[in-house]
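J.: no sequence for this one, just the structure:
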């Protein structure tokens, strides 16, 4: 069992940066793939980024590639999403998720989820 708690969201201006954090409480955090998803008002939840056990194994959606960076600190059971050059279309609730399988874009494969943190980007 893994419990996830996101933090770091807030209201920013276009072009600003934010770093979201995901604190994990559970066994063998290093064995889980980590992902970030987001859900904008009136839209379905969508994949943002994923990171496997090997730091080099990352995946990003086209919408955030080159602007966002996912990372993890296994020693401290933390995962991060560094977001730069934010746009109004990045406004959403961001969720951290963990999976015992390989990193995937499919939310159905992620067993554990945080409660989400709101990011609002104004123009």
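T.: Good, I have the coordinates. In this text, all values refer to a predicted model and were calculated from it rather than measured experimentally. Numbers count the residues shown, from 1 in each chain.

J.: Excluding chain neighbours, give the residue nearest to the residue most central in space within the chain in space.
T.: The residue lying closest to the centre of the chain (Cα atoms, centre = their mean) is residue 36, at 2.4 Å. Using Cβ to Cβ, 6 or more residues apart in numbering and skipping residues adjacent in sequence, the residue nearest residue 36 is residue 48, 4.3 Å away. The way it works is simple: take the backbone N, C-alpha and C, and place the C-beta from them, glycine included.

J.: Show the average pLDDT along the helix or strand encompassing that neighbour.
T.: Using DSSP states H and E, residue 48 sits within strand 46-51. Averaged over strand 46-51, pLDDT sits at 97.

J.: Which elements pack onto it?
T.: strand 33-39, strand 58-60, strand 68-73, strand 78-83 (3 or more Cβ pairs under 8 Å, 6 or more residues apart in numbering; DSSP states H and E).

J.: Out of those, which one sits most buried?
T.: Stretch with highest mean neighbour count among the helices and strands packed on strand 46-51: strand 33-39 (a mean of 24; mean count of other Cβ atoms under 10 Å).

J.: Thought residue 30 was touching residue 24, still the case?
T.: No - checked against Cβ atoms under 8 Å, the pair residue 24 and residue 30 is beyond contact range at 9.7 Å.

J.: The two: who's more crowded?
T.: residue 24 (24 against 12; other Cβ atoms under 10 Å).

J.: which residues touch the more buried one?
T.: Shown in contact with residue 24 (Cβ atoms under 8 Å, 6 or more residues apart in numbering): 2, 3, 4, 32, 77, 78, 79, 98.

J.: In a strand, it, correct?
T.: Yes - using DSSP: H, G, I helix; E, B strand; the rest coil, the secondary structure at residue 24 is a strand.

J.: What's the per-residue pLDDT of it here?
T.: We note a pLDDT of 94 for residue 24 in this prediction.

J.: Just give the number of residues close to the nearest residue to it once chain neighbours are set aside.
T.: The shortest distance from residue 24 to any residue other than its chain neighbours is 4.3 Å, reached at residue 77 (Cβ to Cβ, 6+ apart). Neighbour count of residue 77, defined by other Cβ under 10 Å: 18.
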